[in-house]
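Peer 1: Structure for the following, please:
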Amino acid sequence: MTHVRSEAQGRIHATLPDFNLYVFAQAIRDVPEQLQKALAEQYRGPVPESLDIEDWQDDASYRGGWWLWLNLDVDALTSRSRRRRKLKSVPVQDATS
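Peer 2: As a prediction, the model looks like this:
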C-alpha cells in the first residue's frame with residue numbers, strides 16, 4: 001500500500017509505510033518509478049510482510065491524502081539480501097616468466 005498526498009508547490013508526497021520509505025514526485029504518474037528507484041537505492045533489510053490498509057488508515061501520520069495499491073518489484077530486494085560476495089584468492093604471477 002502507498003499513501004499519497006499533495007504537498008505545497010504541487011508536489012506529491014508518496015509513502016510506503018511497510019518499508020518506512022517516502023519520495024516526492026512532480027506528478028502522480030512519476031510515483032511508481034520514484035518509489036521503485038528509492039527501494040533499490042535506499043532500502044536495506046528484509047522485505048516486510050505487507051499489512052492491510054486497515055492496519056494503517058487509523059494512523060495519524062496517514063490522515064488526508066489517499067491510498068494506492070502499486071505493483072512494485074521487491075524480488076530484487078530479496079535476492080540482494082541473499083547474495084553474498086565471495087572473493088577468491090588468486091596467486092600473483094612472476095613478472096619474469
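Peer 1: distance of the spatially most central residue of the chain from residue 3?
Peer 2: Nearest to the geometric centre of the chain sits residue 39, at 2.3 Å (CA atoms, centre = their mean). Residue 39 sits at a distance of 15 Å from residue 3 (criterion: CB to CB, to the nearest Å). Where C-beta positions appear, they are placed from N, C-alpha and C, glycine not excepted.
Peer 1: And residue 68, by the same measure?
Peer 2: For residue 68, the distance to residue 3 - CB to CB - is 8 Å.
Peer 1: what's the overlap in contacts for the two?
Peer 2: By CB atoms under 8 Å, 6 or more residues apart in numbering, residue 68 and residue 3 have these common neighbours: residue 14.
Peer 1: Going by how many neighbours each has, rank the two and give me the top one.
Peer 2: residue 3 (22 against 14; other CB atoms under 10 Å).
Peer 1: which ones are touching the more buried one?
Peer 2: 14-15, 17, 56, 62, 65-68 are the contacts of residue 3 under CB under 8 Å, 6+ apart.
Peer 1: In a strand, residue 5, correct?
Peer 2: Yes: Residue 5: assigned to a strand according to DSSP: H, G, I helix; E, B strand; the rest coil.
Peer 1: Leaving out sequence neighbours, find the closest residue to it.
Peer 2: Leaving aside its chain neighbours, residue 5 sits nearest to residue 65 (2.9 Å; criterion: CB to CB, 6 or more residues apart in numbering).
Peer 1: for the one you found, what are its contacts?
Peer 2: Residue 65 neighbours (CB under 8 Å, 6+ apart): 3-6, 13.
Peer 1: which strands and helices sit next to the host helix or strand of residue 14?
Peer 2: Using DSSP states H and E, residue 14 falls within strand 12-16. With contacts defined as 3 or more CB pairs under 8 Å, 6 or more residues apart in numbering; DSSP states H and E, strand 12-16 has these neighbours: strand 2-6, strand 21-25, helix 31-42.
Peer 1: how about a cut-off of 6 Å?
Peer 2: strand 2-6, strand 21-25 (3 or more CB pairs under 6 Å, 6 or more residues apart in numbering; DSSP states H and E).
Peer 1: Any idea how many residues pack against residue 17?
Peer 2: 20.
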